[in-house]
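[1] Give me a model of this one.
(one chain, ligands or ions: 2)
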Amino acid sequence: MEKSPIDASLPLAASQQAKQSRVRRSALGVLALIGTSYLLLSHGIFGTLRHRHLGHWHHRDHFKAGCVQPDPIFPSKNDDLDKLQDFIGSDTFRNATVARMSGAVQVKSVSFDDLGVIGEDPRWDVFYDFYAYLENTFPLIHEKLQVEKVNTHGLLYTWKGSDDSLKPTLLMAHQDTVPVPPETIGAWTYPPWSGAYDGKYVWGRGSSDCKNQLIGTLETIQLLLEAKFEPRRTILLSYGFDEECSGKQGAAKLSEHIHNRYGDDGIAVIVDEGSSSEESWGTLFFKPGTGEKGYTDVKITIRMPGGHSSIPSDHTSIGVLSELITHVEAEQYRIYLDDENPYYQQLQCGAAYSPEFPKKLKKLLSRRRSSKNTCKAKPDHLAIEAAKQGPEVKYLMQTSQAVDVISGGIKVNALPERATVTINHRINIGETSKVVHDRLTKLAGHIADKYNLTLHAFDGKEEPSSVILTETRDALEVAPVTPTDGSVDGPFKVLAGTTRALYGEEVVVSPGIMTGNTDTRYYWSLTRHIFRFGPGYAPGEGSWMGNIHTVDERVNVQSHINSVKWFVLFVRNMDEAEF
Ligand SMILES: *[C@@H]1O[C@H](CO)[C@@H](O)[C@H](O)[C@H]1NC(C)=O
Ligand SMILES: *[C@@H]1O[C@H](CO)[C@@H](O)[C@H](O)[C@H]1NC(C)=O
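    Ligands and ions are numbered 1, 2, ... in the order given. Model (predicted):
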């Protein structure tokens, strides 16, 4: 990064910035007026002469209309609260936050795929320790806020606002981490539960997924309490404890509890862990996750007669299964960019604001009217061109399939009676699990016909000599897409305006898409406005998250500090919003 938009703006108190911004804005307003009249005049006077020139303007405007960047939003002046931003930038806070995050990492709150019942399986009990740690670390919160334990270890904090007509702001994170495989412990630079601090990063399992967000949101509330903030809008903190292994015990139960209290669409906005900033096409983007791909695991079993290997059939169940897998992999799902796909808006943002946005993509983008016109049989040229940027981009617009687990055969002198494969899929926006299941049913049907086997596709039955398709767990459909029109007064505008207030107007806030899933999968009914967002960023420090789920996980402390500044501003801005 050559330009560092944050350098100049961060040390300023929000109020000072607000003043500057107001001046800038009014100056811009005058310029804009002059500019508009110039355009009107020139168009009027020079008519067709100017036509070509204006054509270009229209393109840029067209893209900008698809990616409106709200002005920076600052809360109204309040000396005590404005001082917080300076304090968060101080050494005192830095030292304290390092200690808090390090302490959180040192509690081994691991969740495992095979956990038993809460209260019976002792591996859950570490969450008592984690809660004790939070109680000790944030005494004021535990004194002033309502704390509810949901399903033993789920934590819901409520800071009640004075105005019941305003829907709550809900901040989320999870208490659990993925395990550390014992054979990898030696490969860590610092031991995985040390919470070591090297002057720049706090290291350890969970440091960036996502105890940073959990501690950061609690720090935000603690600071606001200390500064005597009096919310109009209720603030909720919701922390699950099994996000890394489905969220069924934590998020699912917390969501039910919150739903009982506030009902459908009863929450104004949700911010959960998620994506962060990224430089694309020469521009610094913040990309809150506003969509999530769906998910389905399909298991296919071939059952065929056994017998002695000395008199085999031409094809055993393993051979037949292999043939089916070959057909599955011979063709991929189509590359397709739905109008609703957040990546579509991201492309418009790039075209509108990024100097290095590829010309060819821009051309295709300007020709495109609606994905509804790209009929299913025809290739989606825009998506196909965009996919050339690499597999990480391609799979934002394509259902993925990965043949991940296979088994079959028991003994080398016995014909295998069963062979089984499990295929993982992440479902593209605009498609459903049915698209995947239908395709596999068709391919399995051909194989069943060819080898005279009975097909049981998702019907819960099986018999000898058959091809059986089942889901190994319930499919998760594509998440509802969060509205992200920056010109409309709503949560996206507040989120983007807060981000640009903190990091400068040079940054672009664009919707992003998650290829994984967070605990928000259980929260869809509570609000349409879900953002999976880690708002931390520090110039020159690279991404704040390091090595999630693997050796040497760590979090950048300066980014974490800035994320706390962001949360404080965001909560205050939401508090002043009228929707
Ligand atoms: C922060 O910690 C460093 C290193 O331990 C120490 O040198 C410094 O004095 C501390 N600063 C404050 C303000 O506590
Ligand atoms: C196909 O299987 C059925 C019963 O499983 C059997 O009756 C029939 O003879 C088989 N047909 C062929 C062509 O093998």
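[2] Next, the buried residues of the helix or strand containing His142.
    Using DSSP states H and E, His142 maps to helix 139-144. Neighbour-count burial for helix 139-144 flags Ile141 (criterion: 16 or more other Cβ atoms under 10 Å). C-beta here means a position set from N, CA and C on the backbone, and glycine is covered the same way.
[3] Which strands and helices lie in contact with it?
    helix 211-226 (3 or more Cβ pairs under 8 Å, 6 or more residues apart in numbering; DSSP states H and E).
[4] Which elements pack onto the helix it packs on?
    Partner elements for helix 211-226 (3+ Cβ pairs under 8 Å, 6+ apart): helix 79-88, helix 91-106, helix 139-144, strand 169-174, strand 235-240, helix 557-576.
[5] Contacts for the third one, please.
    Right, the one you point to is helix 139-144. With contact meaning Cβ atoms under 8 Å, 6 or more residues apart in numbering, helix 139-144 is reached by 134-135, 157, 159, 218, 221-222, 225-226.
[6] Report the buried members of those residues.
    134, 157, 159, 218, 221-222, 225.
[7] How about the residues of the protein by ligand 1?
    Proximity of the chain to ligand 1 (Cβ under 6 Å from any ligand atom) is limited to residues 91-92, 95.
[8] what about the stretch 201-350 of the chain, any weak spots by pLDDT?
    Within the stretch 201-350 of the chain, no stretch has pLDDT under 70.
[9] Top of the residues of the chain next to ligand 1 by number of neighbours, please.
    Within the residues of the chain next to ligand 1, Asn95 tops the neighbour count with 12 neighbours, counted by other Cβ atoms under 10 Å.
[10] what's the distance between that one and Val202?
    Asn95 sits 12 Å away from Val202, going by Cβ to Cβ, to the nearest Å.
[11] Show the average pLDDT along stretch 93-103.
    Regarding stretch 93-103, the rounded mean pLDDT is 98.
[12] I meant stretch 455-475, not that one.
    For stretch 455-475, the per-residue pLDDT averages 96.
[13] Give me the residues contacting it.
    294-305, 324, 422, 427, 433, 437, 440-441, 444-445, 447-448, 452-454.
[14] hmm, 7 Å instead?
    Around stretch 455-475, the neighbours that count as contacts under Cβ atoms under 7 Å, 6 or more residues apart in numbering are 294-305, 422, 433, 437, 440-441, 444-445, 447-448, 453-454.
[15] Give me the distance between the two termini of it.
    Chord length of stretch 455-475, first to last residue, is 21 Å (Cα to Cα, to the nearest Å).
[16] before we move on, the earlier item: tabulate the helices and strands packed on helix 211-226 (TSV), appending distance to Ser194.
    Compiled in TSV, the helices and strands packed on helix 211-226 are given as follows (distance: least, Cβ to Cβ, whole Å):
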stretch	distance to Ser194
helix 79-88	25
helix 91-106	7
helix 139-144	25
strand 169-174	21
strand 235-240	23
helix 557-576	15
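[17] Now flag whichever of the contacts of helix 139-144 is closest to Gln146.
    Taking Cβ to Cβ as the measure, Tyr157 is the one of those closest to Gln146, at 7.1 Å.
[18] Show the pLDDT at the closest one.
    Predicted confidence (pLDDT) for Tyr157: 98.
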